[in-house]
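Chemist: Any chance you could fold what I've pasted below:
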Amino acid sequence: RDGCYKPEAKSRTYSVAIKPDEQKEQEIFQQSEYFREKSKHRYKIEAKNSELKNVHGYDRANSYGLESMKMQGAIAIFVVNLKRILKF
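Modeler: Numbers count the residues shown, from 1 in each chain. This next block holds a predicted model:
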């Protein structure tokens, strides 16, 4: 009863979360040392993705087709790398 029923509630109900197998596996994976180590470096990758999207226009395709998007991605990444080289 303690923790399940809310005091002063008109009815007594409680809920039990039923998690699918995929969600259970994901929770176990998130507790692993591998996940914790990789999540420490994620901010660096997300910063680069944000720069590509917000500064270099990689959030929207310039033209139709998968090949065009691949070309746009290659050019955007090339420009970011070129800017990094020029900083040094």
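Chemist: The chain: helices as residue ranges?
Modeler: In the chain, the segments counted as helices under DSSP state H are 21-30, 33-39, 42-54, 66-87.
Chemist: hmm, who's touching the first one?
Modeler: Defining contact as C-beta atoms under 8 Å, 6 or more residues apart in numbering, one finds that helix 21-30 is touched by 19, 35. From N, CA and C alone the C-beta is placed, and that goes for glycine too.
Chemist: Can I get that helix in CSV? Just the C-alpha atoms.
Modeler: What follows is helix 21-30, C-alpha atoms only, in CSV (Å, rounded to 0.1, in the frame of the first residue of the first chain):
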residue,chain,number,x,y,z
ASP,A,21,11.7,-7.1,-24.3
GLU,A,22,13.5,-4.4,-26.4
GLN,A,23,13.1,-1.9,-23.7
LYS,A,24,14.4,-4.3,-21.0
GLU,A,25,17.4,-5.0,-23.2
GLN,A,26,18.0,-1.3,-23.7
GLU,A,27,17.9,-0.7,-20.0
ILE,A,28,20.5,-3.4,-19.4
PHE,A,29,22.7,-2.0,-22.2
GLN,A,30,22.5,1.5,-20.7
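Chemist: And it, how far out from the chain middle?
Modeler: Centroid separation between helix 21-30 and its chain, computed with C-alpha atoms, centre = their mean, to the nearest Å, is 16 Å.
Chemist: quick one: average confidence on that helix?
Modeler: Taken as a whole, helix 21-30 has a mean pLDDT of 94.
Chemist: Mind listing what's buried along that helix?
Modeler: Going by neighbour count (16 or more other C-beta atoms under 10 Å), nothing in helix 21-30 comes out as buried.
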